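A.B. asks: the following block contains a protein sequence and its predicted model.
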Amino acid sequence: GENVEQHPSTLSVQEGDSAVIKCTYSDSASNYFPWYKQELGKGPQLIIDIRSNVGEKKDQRIAVTLNKTAKHFSLHITETQPEDSAVYFCAASFQTGANNLFFGTGTRLTVIP
Amino acid sequence: GAGVSQSPRYKVAKRGQDVALRCDPISGHVSLFWYQQALGQGPEFLTYFQNEAQLDKSGLPSDRFFAERPEGSVSTLKIQRTQQEDSAVYLCASSVGQSGYEQYFGPGTRLTVT
């Protein structure tokens, strides 16, 4: 099955700085890559996703890039705010086949005011 | 609109007891997924429904785990004869179509087996 690795496991940034989280995947058939934000005691919240037919997608302060050749994708958060502090998970799946998501191990982001 | 809801939010069971966890997906969502999240880890897939059909149960860890979605909406995950290793957060997610794009998660049920 798919194996997703995520780095770093923890990340601290000053408010206003950028944060980057990186993931690699093993199955070249994977074609859908969502990112989730999970706050304490809550379920994962979908924040952005990308499909394999594009290399980059942006939504306000967040962006995701995908390199299918290298099998890695990254989350970029600009102008970080304290409310961005949470655990972030990347995931990968093969749509039109197995539809379940394979998750990374998470990155705990702390934004220091 | 209403999101995915799960009940109970917390469940404490003694080893050997049976438990039932409920998921109410977003209205009209065809696909429903169950995941298990151990402390400090990412969610791991358990099972997948498309309407009332259970299309994939490859992630269920043992035959003590059973899931159903009889009318294609509400789903129940049942764990028989609970063991300590079953302690985890059980997450339910739904998506609008037959694919797994844009899965929306509920708040989870935290199960503690003592």
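C.D. replies: Sure, I can see it.
A.B. asks: I'd like to know which elements the helix or strand harbouring B:Leu46 is packed against.
C.D. replies: Element membership of B:Leu46 [criterion: DSSP states H and E] is strand B:44-50. Contact here means 3 or more Cβ pairs under 8 Å, 6 or more residues apart in numbering or on different chains; DSSP states H and E; on that basis strand B:44-50 packs against strand B:31-37, strand B:53-56, strand B:65-68, strand B:75-79. C-beta: built from backbone N, CA, C; applies to glycine.
A.B. asks: one more pass at 7 Å, please.
C.D. replies: strand B:31-37, strand B:53-56 (3 or more Cβ pairs under 7 Å, 6 or more residues apart in numbering or on different chains; DSSP states H and E).
A.B. asks: how near is the residue lying closest to B:Ile79 once chain neighbours are set aside to A:Arg61?
C.D. replies: With sequence-adjacent residues excluded and distances taken as Cβ to Cβ, 6 or more residues apart in numbering or on different chains, B:Ile79 is closest to B:Val19, at 5.1 Å. B:Val19 sits 41 Å away from A:Arg61, going by Cβ to Cβ, to the nearest Å.
A.B. asks: which one of the two has more residues nearby?
C.D. replies: Shown here are B:Val19 and A:Arg61; by other Cβ atoms under 10 Å in any protein chain shown, B:Val19 has more neighbours (18 against 13).
A.B. asks: show me what contacts that one?
C.D. replies: Contact analysis of B:Val19 by Cβ atoms under 7 Å, 6 or more residues apart in numbering or on different chains lists B:Lys11, B:Ala13, B:Ile79, B:Thr82, B:Leu111.
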